[in-house]
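K.L.:
Make a model of this:
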Amino acid sequence: MADCIFCKIAAGEIPSKKVYEDETVLAFYDLDPQAPAHVLVIPKAHIASAAEITPENSGVVGHIFEVIAKLSQDLGLEKGFRVINNCGEDGMQSVQHLHFHLLGGRKMGWPPFPKD
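P.N.:
Down below sits the predicted model:
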């Protein structure tokens, strides 16, 4: 998509601090980290959200989780980590491109956000 910031990052039009890249996936450090380790993992192909995962594109999600497992080791997150996907308006999705937040390097609380 022409106006999608993550598509532009994946295409190299906007710089990012890359952690991992292959032909289908890109991982880069979040600009507003919420933990000592905070990486975004995205498919290079535009999928707007988890609500748009289909049998035709679901293989990339499995690959993303393989990348997340590798990154958790590379980043020294042996004590644990959290993976978050926000989907849609009520899910607080701010960029309409499927992405997963890999957070670690500290003890995570629960619930992650205050109740209304």
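
K.L.:
Just checking: what are the partner strands of the longest strand along the chain?
P.N.:
Looking across the chain with DSSP state E, the single longest strand is strand 37-43. Neighbouring strands of strand 37-43 in its sheet, by DSSP bridges, are strand 25-29 (antiparallel), strand 100-104 (antiparallel).

K.L.:
got a list of contacts for it?
P.N.:
With Cβ atoms under 8 Å, 6 or more residues apart in numbering as the test, strand 37-43 has contacts from 6, 9-10, 19-20, 24-30, 57, 60-61, 64, 67-68, 71, 75, 77, 81, 97-105. (C-beta placed from N, C-alpha, C; glycine too.)

K.L.:
I'd like the distance from the next helix or strand after that strand to the chain centre, please.
P.N.:
Later in the chain than strand 37-43, the nearest helix or strand by DSSP states H and E is helix 59-74. Between the centre of helix 59-74 and the centre of its chain there are 10 Å (Cα atoms, centre = their mean, to the nearest Å).

K.L.:
By neighbour count, which bits of stretch 29-42 are buried? Give me those.
P.N.:
30, 35, 37-42 (16 or more other Cβ atoms under 10 Å).

K.L.:
which one among those gets closest to residue 2?
P.N.:
Of all those, residue 42 has the smallest distance to residue 2: 16.6 Å, by Cβ to Cβ.

K.L.:
Dig out what that closest one forms beta bridges with.
P.N.:
Beta bridges link residue 42 to residue 26, judged by DSSP bridges.

K.L.:
how near is the residue nearest the centre of the chain to residue 67?
P.N.:
What sits nearest the mean C-alpha location of the chain, by Cα atoms, centre = their mean, is residue 100, with 2.4 Å. From residue 100 over to residue 67 the distance is 9 Å, taken as Cβ to Cβ, to the nearest Å.

K.L.:
Next: residue 112.
P.N.:
Look at residue 112 and residue 67: by Cβ to Cβ, they are 22 Å apart.

K.L.:
quick one, which of the two is more surrounded?
P.N.:
residue 67 (22 against 10; other Cβ atoms under 10 Å).

K.L.:
So the more buried one sits against residue 28, correct?
P.N.:
No. If you go by Cβ atoms under 8 Å, residue 67 and residue 28 don't touch, sitting 11.8 Å apart.
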